[in-house]
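Trainee: Need coordinates for the following:
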Amino acid sequence: MRLHYHLLDVFSDRQFGGNQLAVFPDPPRDLPAKTMQQIAKELNLSETTFVFPPADPAADFRLRIFTPAAELPMAGHPTVGTAYLLARLGALGRIAEATTIVFQEGIGPIAVTVRADERGEPRDVWMEQPIPQFLGIYQDRASIAAMLSLTVSDLQDGAPIQVLSGGLPFLFIVLNSLGAVQKIRLRLDLWAERLAGTPAANIFATTTETVCEDSTVHSRMFAPALGISEDPATGSASGPLGAYLLKNGLAPSGDMVSEQGFEIGRPSFIQIRVRRNGDDFSHVAIGGRCAYVGNGTLVIA
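Mentor: Sure thing, here's the model as predicted:
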C-alpha cells in the first residue's frame, strides 16, 4: 500500500518555522485507525492528518488528527494546515477572495475560511473554534511553579492558574516576564505526580512580555501525554488563550498575536480573534499563514 503525503509548516510564512504537519489528502477509506496511529508515530511530528469523505452531510471533509501518541478530537494547526493544503491542491475549487469549508472533526463541525492573495493562491487560513469553557483553578501555585523549575515569584500576580477547553483542555499559567518563560524546564516527575491523567495535563505558559513588537503574548506548550515534549504552535490552545487574556484584563482588545516556538528554533505567529457580548464570549477564531515544504510516499508492507 502506497500512501502519498504532504509536509507543511503551519503558522509561519516561510519554511522551517511554525509547526510541522503531515497531511494524507486521499488515504484508503478503510485505512485502520491503528495504522494511522503507527504512521503518526513513525513521522513523529506534532500532528499528522488524514482526510476522508464526511459522514456528516453538513461537512465537506472528515478530518482525523493524530499525535505520535493519540488521536485528537480537534486541533488548531492541523485544521489550518490541512485547509491550506486542500486549497493549494485545488480541492476547494477557485478561491476568488475567501472560501469557507466545514471539517467534520471529533468534537463536531469546524468551519474554516481560506483567504486568497491577488493571484488566487491561498494566503492565510482562519479556523472558527468552540466558545471555550473556563474550568478548574489550581490554588497550589508553589507546586505548579516547581513543576516548571520556577519559583512563585515568577508567576503573574492576580492571574489564575486555570484549565480552559475549546475542545481540548489546557492548563494556562501566566508568568511575569519573558525571561521566566524562557527558563522553563518541565519536571516530568512532578508533572506525572500531579497532573498526568487530569484535564490539566497539557501545560500552556505565557507572558505579556514578547520578543516581537507586534505580538501580544509569548507562549510555550508542553504535552507529554500526547507525545509532544514541546509544541512549536498550538492553535487549539490559542482561542482559549485569547478568551483567558481578555477576561483577566491581560490584553487590550480581542485581536491578538501569540508568538510561540522560539525556544525550540521554530518561530510561530498565531492570530487570535475573540469577541464578547456582555460578559459572554460570542466568537473565537484563530488564523495564520502556512508554508509548503514538500511531499513523499509511505510504502506500507
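
Trainee: so who does residue 188 touch?
Mentor: residue 224 (Cβ atoms under 8 Å, 6 or more residues apart in numbering). For the C-beta atoms, the positions are set from N, CA and C on the backbone; glycine is no exception.

Trainee: Roughly how far does it sit from residue 142?
Mentor: 18 Å (Cβ to Cβ, to the nearest Å).

Trainee: ok, how many other residues are close to residue 300?
Mentor: When neighbours are defined as other Cβ atoms under 10 Å, residue 300 has 12 of them.

Trainee: I meant residue 280, not that one.
Mentor: Neighbours of residue 280 (other Cβ under 10 Å): 7.

Trainee: Now it: phi and psi?
Mentor: Phi and psi for residue 280, reported as degrees, to the nearest 10, are phi -100, psi 150.

Trainee: So which bits of stretch 288-301 are buried?
Mentor: Neighbour-count burial for stretch 288-301 flags 288, 289, 290, 291 (criterion: 16 or more other Cβ atoms under 10 Å).

Trainee: Could you do stretch 110-126 as well?
Mentor: 110, 112, 113, 114, 115, 116, 122, 123, 124, 125, 126.

Trainee: need the strands for the stretch 201-301 of the chain, in chain order.
Mentor: 203-207, 217-223, 228-231, 255-260, 268-277, 280-299 (DSSP state E, counting those that start in this stretch).

Trainee: now these as a markdown table including mean pLDDT?
Mentor: Formatted as a markdown table, the strands of the stretch 201-301 of the chain follow (pLDDT from 0 to 100):
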| stretch | mean pLDDT |
| --- | --- |
| strand 203-207 | 98 |
| strand 217-223 | 98 |
| strand 228-231 | 97 |
| strand 255-260 | 98 |
| strand 268-277 | 97 |
| strand 280-299 | 98 |
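
Trainee: Let me have those in a markdown table, adding distance to residue 15 as columns.
Mentor: A markdown table is the format used below for the strands of the stretch 201-301 of the chain (distance: least, Cβ to Cβ, whole Å):
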| stretch | distance to residue 15 |
| --- | --- |
| strand 203-207 | 26 |
| strand 217-223 | 22 |
| strand 228-231 | 19 |
| strand 255-260 | 17 |
| strand 268-277 | 13 |
| strand 280-299 | 5 |
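
Trainee: tell me the contacts of residue 16?
Mentor: Residues in contact with residue 16 (Cβ under 8 Å, 6+ apart) are 9, 266.

Trainee: these two touch, right, residue 234 and residue 220?
Mentor: No. Residue 234 is beyond contact range of residue 220, at 9.1 Å (criterion: Cβ atoms under 8 Å).

Trainee: which one of those two has more residues nearby?
Mentor: Neighbour count, other Cβ under 10 Å: between residue 234 and residue 220, residue 234 has more, with 32 against 25.

Trainee: Can you check which residues contact both of residue 234 and residue 220?
Mentor: With Cβ under 8 Å, 6+ apart as the test, residue 234 and residue 220 both reach 204, 260.

Trainee: any idea how far the closest residue in space to residue 157 that isn't next to it in sequence lies from residue 67?
Mentor: Excluding its sequence neighbours, the residue lying closest to residue 157 (Cβ to Cβ, 6 or more residues apart in numbering) is residue 176, at 7.4 Å. Relative to residue 67, residue 176 is positioned 31 Å away (criterion: Cβ to Cβ).
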